[in-house]
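# Here is a sequence together with a model predicted from it:
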Amino acid sequence: MDEDSWCQMLRKKSAKAPACIEVLRNSQGNDLAIDGDVPFEKVIAAGYNHPREIIAVIRPQNATTCSTSLLDKRYIVKDDDLEMAMEIYHLPGSKDHPRAKLIYKKLKKPSSCNSINGLYIFQLSEETSMFTKSGVYSFIFSVRCRDSTVIKHESRITVRPNSNTRHWQLSCDADWSADNAVVDIRLATNSKFRISKCFSCPLVMEMS
């Protein structure tokens, strides 16, 4: 093999190498019968009905954003030895909970659907606690390639309290056995509630 042929072969191989991770949206995945969408980089209300699954693919170096079809098999890396991890972290955004909590972690091999190979399908049907609490949800996808390099993709969703919710429950570590115990609570609406307990009276809630 001469030098030109060798260089051309290397270029073709490089063009098919993994470059990035992309999550398929509902508008892109009609052929895959995706039942819903994950509103990445948006603000939603608590209680949002998330889809049963999230589908991601690995794009090769030669993939472009102006491809005629994002489900074109030429622009999906198909390698059964490449596993993809998806982790979901919840950051409440409260000073009392400054650290993100891992709420989901799965490692998947590629599979196929409707004759399309190279799909990484993460099931969410059993995740009943998803988007039930306000805060920031971070979705991190990662793949370790054959050359030991790691490609990552991260998207976030901000969840705000649901304004239609009328029920809430106090949970605190205050010593209610003490006389005149007082707990101040400030809600997202900036309304301030003061709950106090006196020796001779029941709980009293004041709003200011």
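Sure, I can see it.
# those strands in the chain, which residues are they?
For the chain, the strands defined by DSSP state E occupy 18-23, 43-45, 53-60, 84-91, 101-108, 111-113, 116-123, 135-144, 150-160, 181-186, 192-198, 201-207.
# which stretch among those comes nearest residue 11?
When those are compared by C-beta to C-beta, strand 53-60 sits nearest residue 11, at 12.6 Å. Placement of C-beta: from N, CA and C, glycine included.
# mean confidence for the closest one?
Per-region confidence: strand 53-60 scores 92 on mean pLDDT.
# which residues does the closest residue to residue 152 other than its chain neighbours contact?
Setting aside the residues directly before and after it, residue 152 is nearest to residue 142 in space (C-beta to C-beta, 6 or more residues apart in numbering), at 4.7 Å. If a contact means C-beta atoms under 8 Å, 6 or more residues apart in numbering, then residue 142 has 21, 84, 85, 87, 150, 151, 152, 153 as its contacts.
# Residue 20 too?
Residue 20 is in contact with 58, 59, 63, 151, 153, counting by C-beta under 8 Å, 6+ apart.
# Do I have it right that the second one meets residue 76?
The one in question is residue 59. Yes. With contact defined as C-beta atoms under 8 Å, residue 59 reaches residue 76; the gap is 7.2 Å.
# follow-up on the earlier one: quick one: which of the contacts of residue 142 is nearest residue 106?
Nearest to residue 106, judged by C-beta to C-beta, of the contacts of residue 142 is residue 85 at 7.1 Å.
# coming back round to it: just among the contacts of residue 142, which is most surrounded?
residue 84 (23 neighbours; other C-beta atoms under 10 Å).
# so where's the protein shaky on pLDDT?
Along the chain, segments meeting pLDDT under 70 span 1, 6, 9, 26-31, 33-36, 64-70, 94-98, 165-208.
# what about 80?
Counting by pLDDT under 80, the chain has low-confidence residues at 1-14, 25-37, 64-71, 93-98, 125-129, 163-208.
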